[in-house]
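Asker: Pasting a predicted model and its sequence here:
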Amino acid sequence: MVSEIKRVVSIGAHSLDAELLGGPLLLKYAKQGAHCTCIHVTQGRLEDPNATQEEKDAYLKELLVQNRKAAAELGADTIWLGYVSSNMPSLNDFADRLEQYFVEEKVDLVITHWRGSMHPRHINTHDAVVTAVKRLRQKDSRIRLVYGETFEDLVGFIPQAYFVLTEEEVAQWYKALNTYTVFRGGVNDFPYQKYYPTNLQIRQIESGSSGATVCYMYASLIENELW
């Protein structure tokens, strides 16, 4: 059966977030011919307190290159909204911009952060996306919203929709993620390369699936039915 979903966006607060949240669904929909986009609200930062401004600028420049490479591996394109963590817009301004983008791009499905996060920018992004989607749903849009899973957004996260990945899809997703220096352990010491493969196994056991599995959470009070 051919999917009705033709335009998909994964919106992450920082570089790598969009790929972690939505990468598996993006690559699946891209293979079915959908136009898929990774949207980065802000760029990450070099966490070394001793880094010079020149080193910080070079890192941010390289992140934009990594954005494009990661998206290409998923069969998607990418945009950076141009925001920086220290100067985020108001909720209404942020939501207005997203709503306009969703309308202009005729977006069918949005993937973003769940609100139960340890990170303020993730919460900002969640609130703006939800506000924009609610406005459109009140205008009879059929746009859909789900929350992806990351280790930073697990407070109250409830797995509800499970998707099995083939070995090829797992390899494709990891190739995209490994584009990022941070995923390879070059920015902080979080064990990304151990955590996410292990999580695929945990979700497989949890769901009784036949292979590596990812999960998503439905947007309550927005979605009227499970799909």
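Answerer: Arrived safely. Numbers count the residues shown, from 1 in each chain.
Asker: Residues touching the longest helix along the chain, excluding its own?
Answerer: Identified as the longest helix of the chain according to DSSP state H is helix 53-73. Contacts to helix 53-73, defined as C-beta atoms under 8 Å, 6 or more residues apart in numbering, come from residues 15-16, 19, 37-38, 40, 43-46, 48, 51, 77-78, 80, 172, 175-177, 179-181. Backbone N, C-alpha and C define where each C-beta goes, glycine included.
Asker: Report the distance from that helix to the chain centre.
Answerer: 17 Å (C-alpha atoms, centre = their mean, to the nearest Å).
Asker: can you offset everything so residue one is 34?
Answerer: New numbering, starting at 34: the last item is helix 86-106.
Asker: related to what we said a few turns ago, in strands, which of the contacts of helix 86-106 appear?
Answerer: Using DSSP state E, the subset of the contacts of helix 86-106 located in strands is 70-71, 73, 110-111, 113.
Asker: for the closest residue to Thr214 other than its chain neighbours, helix, strand, or coil?
Answerer: Of all residues not flanking Thr214 in the chain, Val220 sits nearest, at 5.8 Å (C-beta to C-beta, 6 or more residues apart in numbering). Following DSSP: H, G, I helix; E, B strand; the rest coil, the label given to Val220 is coil.
Asker: burial measure for Tyr62, as a count.
Answerer: 23 (other C-beta atoms under 10 Å).
Asker: Show me what counts as buried in the helix or strand of the chain with the lowest mean pLDDT.
Answerer: Every helix and strand of the chain was ranked by mean pLDDT, DSSP states H and E. The lowest is helix 86-106, at a mean of 89. Residues of helix 86-106 classed as buried: 92-93, 96, 99-100, 103-104, 106 (neighbour count, 16 or more other C-beta atoms under 10 Å).
Asker: from those residues, which is closest to Glu37?
Answerer: Glu37 has its nearest neighbour among these in Ala104, at 23.0 Å by C-beta to C-beta.
Asker: Are we agreed that Leu254 is in a helix?
Answerer: No - checked against three-state DSSP, Leu254 lies outside a helix; its state is coil.
Asker: burial count for it?
Answerer: A count of neighbours around Leu254, defined by other C-beta under 10 Å, yields 9.
Asker: cool, and Glu138?
Answerer: With other C-beta under 10 Å as criterion, Glu138 counts 12.
Asker: from what I can see it touches Arg40, true?
Answerer: Yes - assessed by C-beta atoms under 8 Å, Glu138 is found in contact with Arg40 at 5.9 Å.
Asker: any residues in contact with both of those two?
Answerer: With C-beta under 8 Å, 6+ apart, Glu138 and Arg40 have no common neighbours.
Asker: is Ala194 in a bridge, and if so with what?
Answerer: Tyr249 (DSSP bridges).
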